[in-house]
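Q: need coordinates for the following:
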Amino acid sequence: MKFKLLVADDEKNIREGLAASLEMDGYEVVTAADGSEGWKRFQKGDVDLVITDLRMPGLSGEELLKRIESESPGIPVIVLTGHGTVETAVEAMRNGAWDFLTKPVNLDHLGQLVRRALANRELVLKHRRLEEELNHQKQFRTMIGSSAPMRRVFDTISRAAPSRASILITGESGVGKELVADAIHELSPRKDKPLIKVHCAALAASLLESELFGHEKGSFTGAVSRMRGRFELANEGTLFLDEIGEIDQNIQIKLLRVLQERKFQRVGGEETIETDVRIVAATNKDLKAEIEKGSFREDLYFRLNVVNIHVPPLRERKDDLPLLITAFLKDFAAENRKTIEGIDDRARASLYAYDWPGNIRELRNCMESAVVMTRGPLITEEDLPPTLRSKTEDGWIRIPLGTSMEESEKIIIRDTLSANKGNKSKTADILGIGRKTLHRKLAEWLPDSVQDDDEED
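A: The predicted structure is shown next:
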């Protein structure tokens, strides 16, 4: 990393001399003839360290220091001063300066100060990044992913969770919509209140109505006592309605009323019950298409879809596969009391070539099966389910329309490697690239690969 330094001094010879010396040390240097010009240059936001004279016409170095400390605490500032104003320099250090030097400047001493200040700044930034990563992992501890699509999901969750707005989570079956609901609740002000979940597709309409709103004793055959519904149980908390697209029209009407009025009645009851519930719903259906067909109410859709979070399918976030595979292997190895060191290249290529129509759920099941079936410390292709083995044996590589050039390259290399049973030399020859190039690309995509040599020649 090349650091950028700002030198502010009204004496041209000093300013240019310092800049020349610092540039010889490998830094990028920008200069300013006074404090005002220095502040304007600093506000562009790419300066790592500031060296400023204290006495300058207009905006002084002291004022420049105060502004920098106020707007960007943590940016090191080294102040320059004459012999007669050392007390002022000490006061500047109390105000946040990293250190001071008297004029004429000892360039070797200045170089040492700059190196120490930047090294300290790097440590601070590294610590801050680690803290941010730890906080992120705590917030989304059940969700695994660092790809661009998942970062967008995390960002939307972080922004929407603190609000009271209803949230509609969309995505294919198995992508982890329930985990998104969990994260929303954990990051909301309601996290200490109940999170109640209802799988709408698992219940008949009559049972679902009772499940949601409760019922009075004797309201129907089998209602031997009063039962509180999920809306009551989730009061002041979050109610997660999974597979919301499966509920019938009558339940949709009653649900709409609760969302509008925050009131409901139990089945067979006359008492009106008020509720304070945050609704999070999920579906793998295209609700707009369901509205066109007349099977889902448009007004209910708009009530539910105040914030939409779309969870991408696994085939669109294959960069997350190493993290997911590693996490699942660790969990299932511990559960089955096995020592699993990793996955061989052939099996890994098959995992990457597969489109995962069942998404995260399918990958999880696949890893559990592989751990159970393997006889050794390495997962091989023979340990994988039959649907994943030798996906390129027919001699074709299939790349969906709309796939980017970068992703297409990954698919071609992974599928060719799989077809050649993990033989890197043969794969590199077929693709017309150097073996080192192939190794480098595999290292980028499969950072936890355990084999460097070909399995067979």
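Q: for residue 158, which non-adjacent residue is closest in space?
A: Nearest non-adjacent residue to residue 158, counting by C-beta to C-beta, 6 or more residues apart in numbering: residue 187, 6.6 Å away. In this view, the C-beta of every residue, glycine as well, is placed from N, C-alpha and C.
Q: hmm, residue 156 and the one you found touching each other?
A: No. Contact criterion C-beta atoms under 8 Å: residue 187 and residue 156 do not qualify, at 11.3 Å.
Q: tell me the secondary structure at residue 331.
A: helix (DSSP: H, G, I helix; E, B strand; the rest coil).
Q: all strands of the stretch 101-250 of the chain, in order?
A: Listed in chain order, the strands of the stretch 101-250 of the chain (DSSP state E, counting those that start in this stretch) span 167-170, 195-199, 214-215, 227-228, 238-242.
Q: distance to residue 144 added to those strands, as JSON lines?
A: Conversion of these to JSON lines gives the following (distance: least, C-beta to C-beta, whole Å):
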{"stretch": "strand 167-170", "distance to residue 144": "17"}
{"stretch": "strand 195-199", "distance to residue 144": "20"}
{"stretch": "strand 214-215", "distance to residue 144": "37"}
{"stretch": "strand 227-228", "distance to residue 144": "36"}
{"stretch": "strand 238-242", "distance to residue 144": "20"}
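Q: redo those strands as TSV? Include mean neighbour count, mean pLDDT and distance to residue 253.
A: Listed next are the strands of the stretch 101-250 of the chain as TSV, based on neighbours: other C-beta atoms under 10 Å; pLDDT from 0 to 100; distance: least, C-beta to C-beta, whole Å:
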stretch	mean neighbour count	mean pLDDT	distance to residue 253
strand 167-170	24	97	18
strand 195-199	19	95	17
strand 214-215	22	88	17
strand 227-228	15	90	21
strand 238-242	24	97	15
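Q: got the phi/psi numbers for the spatially closest residue to residue 366 that is not a sequence neighbour?
A: Leaving aside its sequence neighbours, residue 366 sits nearest to residue 385 (C-beta to C-beta, 6+ apart; 5.8 Å). Dihedral angles of residue 385 (phi, psi; degrees, to the nearest 10) stand at phi -60, psi 150.
Q: do I have it right that residue 385 meets residue 363?
A: No. Counting by C-beta under 8 Å, residue 385 stays clear of residue 363, with 10.9 Å between them.
Q: between the two, who's got more neighbours?
A: Comparing residue 385 with residue 363 by other C-beta atoms under 10 Å, the one with more neighbours is residue 363, at 20 against 13.
Q: helices of the stretch 301-450 of the chain, residue ranges please.
A: 321-335, 345-353, 359-373, 405-419, 424-431, 435-445 (DSSP state H, counting those that start in this stretch).
Q: same deal with the stretch 101-250 of the chain?
A: Along the stretch 101-250 of the chain, counting by DSSP H, counting those that start in this stretch, helices occupy 107-139, 148-160, 177-186, 205-213, 230-233, 249-261.
Q: the residue nearest the centre of the chain and residue 126, how far apart?
A: For the chain, the residue nearest the mean C-alpha position is residue 151 (3.4 Å; C-alpha atoms, centre = their mean). Residue 151 is 20 Å from residue 126, where distance means C-beta to C-beta, to the nearest Å.
Q: for residue 257, give me its contacts.
A: With contact set as C-beta atoms under 8 Å, 6 or more residues apart in numbering, residue 257 has these partners: 263, 264.
Q: er, residue 270 I mean
A: Applying C-beta under 8 Å, 6+ apart, no residues qualify as near residue 270.
Q: any idea of the pLDDT on it?
A: For residue 270, the pLDDT comes out at 85.
Q: from residue 226, how far out is it?
A: Distance, residue 270 to residue 226, using C-beta to C-beta: 13 Å.
Q: so where's the stretch 101-250 of the chain shaky on pLDDT?
A: Along the stretch 101-250 of the chain, the parts satisfying pLDDT under 70 run over 127-141.
Q: rerun at 80
A: Per-residue confidence for the stretch 101-250 of the chain (pLDDT under 80) gives these ranges: 123-142, 206, 221-222.
Q: which residues touch stretch 57-66?
A: 8, 10, 34-36, 38-39, 42, 50, 52-55, 77, 79-80, 88, 92, 95-97.
Q: ok, stretch 94-110 next?
A: Taking C-beta under 8 Å, 6+ apart as the rule, stretch 94-110 contacts 14, 18, 21-22, 51, 62, 65-66, 68-69, 73, 76-83, 86, 89-90, 92-93, 113, 117.
Q: thinking again about what came up before, to residue 370, which of the helices of the stretch 101-250 of the chain lies closest?
A: Checking the helices of the stretch 101-250 of the chain against residue 370 by C-beta to C-beta gives helix 177-186 as the closest, at 22.1 Å.
Q: how many residues are close by residue 314?
A: By other C-beta under 10 Å, 25 other residues sit near residue 314.
Q: so it versus residue 349, what's the distance?
A: 16 Å.
Q: check residue 403 and give its pLDDT.
A: 71.
Q: for it, which residues are in contact?
A: Taking C-beta under 8 Å, 6+ apart, we find residue 403 in contact with residue 411.
Q: ok, and the closest non-adjacent residue to residue 368?
A: Excluding the flanking residues, the one nearest residue 368 by C-beta to C-beta, 6+ apart is residue 332, at 4.9 Å.
Q: isn't that neighbour up against residue 366?
A: No. Using C-beta under 8 Å, residue 332 is not in contact with residue 366; the gap is 10.4 Å.
Q: ok, these two, which is more surrounded?
A: residue 366 (22 against 18).
Q: was I right about that one contacting residue 388?
A: Yes. Contact status for residue 366 versus residue 388: in contact at 6.7 Å, counting by C-beta under 8 Å.
Q: any common contacting residues for the two?
A: Here residue 366 and residue 388 have residue 351 as joint contacts, going by C-beta under 8 Å, 6+ apart.
Q: which of the helices of the stretch 101-250 of the chain has the highest mean neighbour count?
A: helix 177-186 (a mean of 22; mean count of other C-beta atoms under 10 Å).
Q: now stretch 59-70: buried residues?
A: 59, 60, 61, 62, 63, 64, 65, 67, 68 (16 or more other C-beta atoms under 10 Å).
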